[in-house]
Structure formats: C-alpha cells, structure tokens
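K.L.:
What shape does this take:
(2 chains)
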Protein chains: 2
Amino acid sequence: MKENKYDDLNFFVNYSAMPRSVVGLEAAGEWPTFRALLPNLANKSILDLGCGYGWHCRYAMEQKAKQVIGIDLSKKMLEKAKALTEHSGIRYECRAIEDVVYDEATFDVVISSLALHYVQDFQQVCQRVYHCLVPGGVFVFSVEHPIFTAMASQDWFYDEQGHRSHWPVDHYFSEGLRKTQFLQEEVVKYHRTVESYLSNLLDAGFAINRLCEPKPSAQALKDYPDMVHELRRPIFLLLSVSK
Amino acid sequence: MKENKYDDLNFFVNYSAMPRSVVGLEAAGEWPTFRALLPNLANKSILDLGCGYGWHCRYAMEQKAKQVIGIDLSKKMLEKAKALTEHSGIRYECRAIEDVVYDEATFDVVISSLALHYVQDFQQVCQRVYHCLVPGGVFVFSVEHPIFTAMASQDWFYDEQGHRSHWPVDHYFSEGLRKTQFLQEEVVKYHRTVESYLSNLLDAGFAINRLCEPKPSAQALKDYPDMVHELRRPIFLLLSVSK
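P.N.:
Below you'll find the predicted structure:
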C-alpha cells in the first residue's frame, strides 16, 4: 500500500497547523541533528524522498545545491511546496517513494525526512537509492524510532493519576503494518527493528557513517518544559550512510 | 568502578547454576547469532574481554585459532575456566577490561560476550581494541540491549492479574550507572543508547559490519513456549565491526 494520508482533507488541515508546517525546519526538534548529518550541498544534485512542503529542498538550494528533485505522493503537499518555492532549481514530482527509479549515479545526495516509515519495502528503497547515487554519494534520512513504532498505540502508559508512567514496548520483533493515530486520523505505518534498518542498508552496499537518536537541546528544554518527556525514550532514528 | 560481582560467593553460586554456565554456549540464546558474526578463526590470535568460564576461548581453539587470551576480573570465574580447559593455546589473565592495554596489531579478532555493559567507559574500550587489532581485524561483542538497560528495574510491567503487560522504557537518554538485580543480588551496570554504542565505535575508527538484535529461533520457541515473550522486546545487542 502506498500511503497518501496527506491528500485526506481533514488530515491535511491538521498537518498544516503543526509548527513544522507553519514555521519550517526550525520548528522540527530533530532538524539540528539532521542538518549536522548532511554533507556540503554546494553544487550537488539532490533527491528528497517524501519532500512534503519542500522545506528540505529549499534548504538545499540555500546551500547552493545545483538542482533538487522533491518527490511526494500528495498533490496537496506539492501544491503547497510549489507555492512556497521561488528557486528555479527545484523540481517537484508527484510520485510514491516506492515508484522512484533513476539512472545509476544520478544524485550526489539523497535525503528523506520522516517518510520511510510509511514505506513497506525498505530493502527496495535502499537498493534503488544506492543505484541512483554516485560513488561516495550520501543517503541521510530520519524515521520514527523502532521503540516508538513497535506498539500501534504510540502513546505513553499513564498511571491512575493520569501522569506519564513510562513508554511501553511490545511486539518489537513483529515487523510490518501498524494502524496508528496521528492528528486524529488513522495512519498506516510500518514498524522495523533497528537491526532491519541497518541490515537493509548494509546489504544494499552502504557504509554506515552515523546513527543518531536526537534528544531535545538544553535550550529546547528551557523554552518548552514539557519536552523533558522526550528524554525518556527516543522518538526519531537518523542515519547517514555512504555508497 | 570495576565490577567484580562474580567473586561474590552467593552470586557466583547462582551464576554457576544458570544453563549457560552448566551447558555452555549451546544454552545461550544469542549464541547462534554471535557465532554467525565471527570471522574464520583458524590460525588467528584472539582476545576475549570478560571471558568468564572460557566457553568462547575454547570454541576459538576448536576452530583452530593460533592462540587465545581470556581476560576476566573474577578469580573464581578464571579458576573454573582453567579447570574446564585442556587446550594449551589459551592463556587466562586476571584483569579488568578497563586495564587491558596491548601493543598495536597484537590480535586478529577481539570478542566480548555480555561483559561490556559492566564497563563505564566504552569509548576507551573502543580505542584500545582498535589499537590492538591488526588492520582488517574484527571486533565482535554482545551487550544487554539499551531497551533492556534503560530502566534499572529490568523487568516487565505486569497487569493486575500478574501477566506481563509490556516492557517499560524510561530514562533512555540518562546514560550511566544502573543498580540492577540479577540472580538475587545487586549488580552495577551502565546504560548507553544505541547511538552511543555506534558513535563510540565509529569515532574509534571502526567500520560497522553488522548490528543484530537476536530473537528466539522457531525451534527454541517450540522447545521453550515461555520464550514467546522474548519476541516482545530485544534483550541483546550484537555488533561486528572492522578496523
């Protein structure tokens, strides 16, 4: 199944109101970690899998990328992306990540932000990304962390007083489909283990540069005291790998 | 602190009764995965950090290793190891893992089974192992999984009927000391995130070959029905890395 929840009107309206949709990358807690994993983008050809509003595409152009292709299955997301984009070097294409096939050595860098947990066959994505990267090319992506995706509830366990008691983990080795709730709508995601993420990448031929589990900065904890709960379990998994 | 719980008499007696202490590697659920990560050991020089009863040292000699050094802080463990060992190619040394310093390029393979979560400074271990390996040498180790070590309780969350409800995770980003219970005794361990394990290895110069989260085999699930709970969360993390 190719997940396209973002063309559901209610879901899209709710997504549009999220800080990261209004303000952009600076409102995304994991962005400083993601940015630090990116190589120098100047004069590079970039592919963004699941580009959404195109924030990462525009960031790449600000970093003097040569050209950027942003892929997304949602027409609504791409309309918004185009409306926000003035750079002529960005091309948006309405396609599922599962359908992305490019010639060998087409891109210097492939990125993907919080989209690949919607894709069932991660092994195939790894093979295709490896194929379309130049030798030495880099693939940087973020997904929801396996600790976060293991249970479909994706929520804390609360005590009788309604306080967040701990984060529950179950079904860790039952990989595959999870029907979860996000922005008051049912969304289909795919749970994979940490081993599977790493093995799929290694099997495709990638070398692992870095694995990150972002946590809130001291400043974020000061500005948003409720963020202290984000120190209790990882929510995102980021990887940088090289061909 | 250099953990030497294994010279505590009560603890040692309890440890001695565990299946893996009586039967050896075949009774250790993660052994098939560990063994699959090992390179060909024939004619190799091996170092085993936290060798315990010496099961892995003897396995290496059975695989025609040239020589094996087994390190352990516990005199009781090493006495038992020596009593079980007939191979002349194995040398046991009573030392803390933290004190292991060898000349550059001394070993072809360094292994460690369920010992490094007792060591506070994993970064230092990575640097020293890297130093004492030959170029292309391999470091294979197992530790308790960060999902397992995050909470000091290291136990399931039970419902009112006493059933295992789920595995609780908390304090994930609070790395460091955990006072846990093992074999009815207090044992000091160190919790690290998955990111820290990987980053420490990469920073030391290692390339990641493979990351594994072992789960019970179909046969094990058939033989020991209670093992079904081991599919609910990972308990071990195994890594193979190369210099």
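
K.L.:
what's the longest strand in chain A?
P.N.:
Determined from DSSP state E, the single longest strand within chain A is strand A:133-144.

K.L.:
what mean pLDDT would you report for that one?
P.N.:
For strand A:133-144, mean pLDDT is 98.

K.L.:
what's that strand packed up against?
P.N.:
Applying 3 or more Cβ pairs under 8 Å, 6 or more residues apart in numbering or on different chains; DSSP states H and E, we find strand A:133-144 packed against helix A:31-37, strand A:107-113, strand A:236-242. Backbone N, C-alpha and C define where each C-beta goes, glycine included.

K.L.:
Let me know which of those is tucked in deepest.
P.N.:
Mean neighbour count (mean count of other Cβ atoms under 10 Å in any protein chain shown) peaks for strand A:107-113 among the helices and strands packed on strand A:133-144, with a mean of 24.

K.L.:
contacting residues around that strand?
P.N.:
Strand A:107-113 has contacts (Cβ atoms under 8 Å, 6 or more residues apart in numbering or on different chains) with A:28, A:34, A:38-39, A:41, A:44-50, A:52, A:56, A:60, A:69, A:97, A:129, A:132-134, A:137-142.

K.L.:
in chain A, which spans are strands?
P.N.:
Using DSSP E, strands in chain A cover A:45-49, A:67-72, A:90-94, A:107-113, A:133-144, A:157-158, A:164-169, A:176-182, A:185-191, A:207-212, A:236-242.

K.L.:
buried ones in the helix or strand bottoming out on mean pLDDT in chain A?
P.N.:
Lowest mean confidence among the helices and strands of chain A (mean pLDDT, DSSP states H and E): helix A:19-22, at a mean of 78. Within helix A:19-22, the residues scored as buried using 16 or more other Cβ atoms under 10 Å in any protein chain shown are A:Arg20, A:Ser21.

K.L.:
same check, this time on stretch A:155-168
P.N.:
Neighbour-count burial for stretch A:155-168, with 16+ other Cβ under 10 Å as criterion, is recorded at A:Trp156, A:Phe157, A:His166, A:Trp167, A:Pro168.

K.L.:
Quick one: check that stretch for contact with chain B.
P.N.:
Yes: using Cβ under 8 Å from any Cβ of the partner chain, stretch A:155-168 reaches chain B at A:Phe157, A:Ser165, A:His166, A:Trp167, A:Pro168.

K.L.:
With pLDDT and distance to B:Ala83 added, can I get the residues you listed in TSV?
P.N.:
Output for the residues of stretch A:155-168 next to chain B, formatted as TSV (pLDDT from 0 to 100; distance: Cβ to Cβ, whole Å):
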residue	pLDDT	distance to B:Ala83
A:Phe157	96	47
A:Ser165	96	47
A:His166	97	44
A:Trp167	97	45
A:Pro168	98	45
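
K.L.:
can you put the residues you listed in a markdown table and add distance to B:Ile208?
P.N.:
Shown next, in a markdown table, are those (distance: Cβ to Cβ, whole Å):
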| residue | distance to B:Ile208 |
| --- | --- |
| A:Phe157 | 33 |
| A:Ser165 | 35 |
| A:His166 | 30 |
| A:Trp167 | 26 |
| A:Pro168 | 29 |
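
K.L.:
who in chain A is up against chain B?
P.N.:
Residues of chain A lying near chain B (Cβ under 8 Å from any Cβ): A:147, A:150-151, A:157, A:165-174, A:193-195, A:198-199, A:202, A:207-213, A:215, A:231-234.

K.L.:
Report the buried members of those residues.
P.N.:
Counted by 16+ other Cβ under 10 Å, the residues of chain A next to chain B give A:147, A:150-151, A:157, A:166-173, A:193-195, A:198-199, A:202, A:208-213, A:215, A:232-234 as buried.

K.L.:
Spatially central residue in chain A, please.
P.N.:
A:Leu114 (1.8 Å; Cα atoms, centre = their mean).

K.L.:
number of nearby residues for the nearest residue to that residue once chain neighbours are set aside?
P.N.:
Once flanking residues are discounted, A:Leu114 sits nearest to A:Ser142: 5.4 Å by Cβ to Cβ, 6 or more residues apart in numbering or on different chains. Residues within reach of A:Ser142, counting by other Cβ atoms under 10 Å in any protein chain shown, total 24.
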